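Engineer: predicted model and sequence below, questions to follow.
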Amino acid sequence: MKYTVEKGKKSTVKITIDLTATEWQSAISEAYEKTKGKYSMPGFRKGKVPKKVLETAYGEGVFYEEAINTAFPKYYTEILDKEKSIDAVAAPDLDIKKIGSDGITMIAVVVVKPEVVIGTYKGINFKKNVYNVKDEEIEDEIKRLQERNSRLVDVTDRAVENGDNVIIDYSGSVDGVKFDGGTAEKQTLVIGSGTFIPGFEEQLIGMNIGEERDINVKFPEEYHAENLKGKDAVFAIKLHEIKKKELPEINDEFIKEAIGSESVEAYKKETRERLEKQNADRAEREVEDEIIKKVTETSDVEIPDAMIENQIDRMVQEMEYRLQYQGLKLADYLKYMDKSMEDFRKDYAEQAAEYVKSQLVIEAIIEREEIKATDEEVEKRVEEMATAQGKPVPDVKKNINARQLDYIKNDIIIKKFFDFLKTSNTIE
């Protein structure tokens, strides 16, 4: 196999691959072995028709397509292994320049990582936000803890009040005619939650258990059901149960049982420390984002379309995963939003381009400053993982695969990168 490499336009490389007759015929024979099972001819069992017979019957090129699919990845991978400067970022476009029994010439246009003209990344002044923890935030945390540990208790000695949980039957009608979705039995509703249409929940206040009442409401003009928009409706209500939320008393005993802290004061102290750390981490992330934004703005790089499209692919996939967690499908979401997939992808284009540019700039600075993860740093990180997992270091090492190791190295490098930027600039 012979090949040549030429620099192309807009971050592309053209690789011309020439295979000799022997190499090409070997690929054709391999293609025949892969596909012969689908051929049958009179006088031969299926999958046993000789190669020459098939070539005579269907033409010399009957196995060419499969032979290309076999040969190209093999030789293309060999070339990339040899030519370390070719940093491919997308699948190549393949064109066949010449083909015949005596050999083949394939031309692959490869999109490669573009050159980055790095802007200023030292000696810049940045301001860091300071977020102080307020006493109100501590109290809010305690209130949320109360809410998580609350319980509903039956109310039998009074009428419905705002904030109660009620269980009702309801049947709605417009102009005396019941409508779809307007009837339910033993429906739970929190008064004041705004779950039902405006005016519905407020009219249940004052009802007693067992009472039946008609209430009048008006559907909003922007209601999702076309036939109900702006319509006056009557709901026949029957109240079955009233429950109220009972919050636990905040004392040392509750705190110890609910969260494991020794006392209310200890919990407040732990909460303040946790929130302070969150605030400090937030401030650090904001500074890092601001530094990257500034450095990226002053850097220049011509981003290949393929890299942006690849990033959009990842962003769409992440969105699809998030929707799946909510029990939704992307196709249904797009239909609800009245968007095509093409328009949906366009919405991500600018964000994807900014992200790709920032990553390219980060990688360029890391390479220029020769920021690396040493064996000792990797070893230390693995030891920390072992301690966190409560396992012996050799056991953790044994179970780390190449991908996880790359992740550890990259994580170390990125931390060192941001540490380098922070010490190379002024942060007030």
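Structural biologist: Great, that's in hand. Keep in mind the model is a prediction, meaning the values are calculated, not measured. Numbers count the residues shown, from 1 in each chain.

Engineer: mind listing the residues bridging to residue 216?
Structural biologist: residue 234 (DSSP bridges).

Engineer: so it versus residue 283, what's the distance?
Structural biologist: 53 Å (C-beta to C-beta, to the nearest Å). Glycine gets a C-beta too; all of them are placed from N, C-alpha and C.

Engineer: neighbour count: these two, which is higher?
Structural biologist: residue 283 (15 against 11; other C-beta atoms under 10 Å).

Engineer: helices and strands around the host helix or strand of the more buried one, which ones?
Structural biologist: Assigned by DSSP states H and E, residue 283 falls within helix 264-297. Judged by 3 or more C-beta pairs under 8 Å, 6 or more residues apart in numbering; DSSP states H and E, helix 264-297 is in contact with strand 125-126, helix 135-148, helix 252-259, helix 341-368, helix 402-424.

Engineer: residue 382 is nearest to which of those?
Structural biologist: Ranking the helices and strands packed on helix 264-297 by proximity to residue 382 (C-beta to C-beta) places helix 402-424 first, at 7.2 Å.

Engineer: please identify the buried residues of that closest one?
Structural biologist: 408-409, 412-413, 416-418, 420-422 (16 or more other C-beta atoms under 10 Å).

Engineer: so how far is it from its chain's centroid?
Structural biologist: 21 Å (C-alpha atoms, centre = their mean, to the nearest Å).

Engineer: what angle do it and helix 341-368 make?
Structural biologist: 70 degrees (axes from the mean of the first three to the mean of the last three C-alpha atoms, to 10 degrees).

Engineer: got the CA positions of helix 402-424 in CSV?
Structural biologist: What follows is helix 402-424, C-alpha atoms only, in CSV (Å, rounded to 0.1, in the frame of the first residue of the first chain):
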residue,chain,number,x,y,z
ALA,A,402,-8.2,2.6,29.8
ARG,A,403,-11.2,4.9,29.4
GLN,A,404,-11.4,5.6,33.1
LEU,A,405,-7.7,6.2,33.3
ASP,A,406,-8.0,8.8,30.5
TYR,A,407,-10.8,10.4,32.4
ILE,A,408,-8.6,10.6,35.6
LYS,A,409,-5.7,12.1,33.6
ASN,A,410,-7.9,14.6,31.8
ASP,A,411,-9.5,15.7,35.1
ILE,A,412,-6.0,16.3,36.6
ILE,A,413,-4.9,18.2,33.5
ILE,A,414,-8.0,20.5,33.5
LYS,A,415,-7.6,21.3,37.2
LYS,A,416,-3.9,22.1,36.7
PHE,A,417,-4.9,24.2,33.6
PHE,A,418,-7.3,26.4,35.6
ASP,A,419,-4.8,26.7,38.5
PHE,A,420,-2.3,27.9,35.9
LEU,A,421,-4.7,30.5,34.5
LYS,A,422,-5.6,31.7,38.0
THR,A,423,-2.0,32.2,39.0
SER,A,424,-1.2,33.8,35.6
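
Engineer: could you list the residues in contact with it?
Structural biologist: Applying C-beta atoms under 8 Å, 6 or more residues apart in numbering, the external contacts of helix 402-424 come out as 121-123, 287-288, 291, 295, 362, 365-366, 369, 371-373, 377-378, 381-382, 400.

Engineer: what does stretch 361-372 rub up against?
Structural biologist: 113, 116, 118-119, 121, 292, 295-296, 299, 301, 413-414, 416-417, 420-421.

Engineer: typo on my end, it should be stretch 310-324
Structural biologist: Residues from elsewhere that reach stretch 310-324 (C-beta under 8 Å, 6+ apart): 89-90, 329-330, 333, 344-345, 348-349, 351-353, 355-356.

Engineer: again, 7 Å this time
Structural biologist: By C-beta atoms under 7 Å, 6 or more residues apart in numbering, the residues outside stretch 310-324 that reach it are 90, 329-330, 333, 345, 348-349, 352, 355-356.

Engineer: which one of those residues sits closest to residue 142?
Structural biologist: residue 333 (37.4 Å).

Engineer: sec struct for the residue nearest to residue 240 when sequence neighbours are not counted, please.
Structural biologist: Take residue 240 and drop its neighbours on the chain: the residue closest to it by C-beta to C-beta, 6 or more residues apart in numbering is residue 167, 4.6 Å away. Here residue 167 is recorded as strand under DSSP: H, G, I helix; E, B strand; the rest coil.

Engineer: so which bits of stretch 95-112 are buried?
Structural biologist: 99, 104, 106-108, 110-112.

Engineer: endpoint to endpoint, stretch 188-200 covers what distance?
Structural biologist: In stretch 188-200, first residue to last residue: 14 Å (C-alpha to C-alpha, to the nearest Å).

Engineer: nearest the geometric middle of the protein, what residue?
Structural biologist: Residue closest to the average C-alpha location in the chain (C-alpha atoms, centre = their mean): residue 318, at 2.8 Å.

Engineer: model confidence for that one, exactly?
Structural biologist: Note on residue 318: pLDDT of 95.

Engineer: distance of it from residue 307?
Structural biologist: 17 Å.

Engineer: for residue 256, give me its contacts.
Structural biologist: Residue 256 makes contact with residue 262, according to C-beta under 7 Å, 6+ apart.

Engineer: try it again with 10 Å
Structural biologist: 262-264, 266-267 (C-beta atoms under 10 Å, 6 or more residues apart in numbering).

Engineer: coming back round to it: now the two most distant members of the contacts of stretch 361-372.
Structural biologist: Among these, 301 and 416 lie farthest apart (C-beta to C-beta), at 22.6 Å.

Engineer: so what's residue 172 closest to, chain neighbours aside?
Structural biologist: In space, and not counting its chain neighbours, residue 172 is closest to residue 182: 3.2 Å by C-beta to C-beta, 6+ apart.

Engineer: hang on, the one you found in a helix?
Structural biologist: No. Using three-state DSSP, the secondary structure at residue 182 is strand, not a helix.

Engineer: going forward can the numbers begin at 724, since that is how I track them
Structural biologist: Sure, I'll start counting at 724 from here, so that last one is residue 905.
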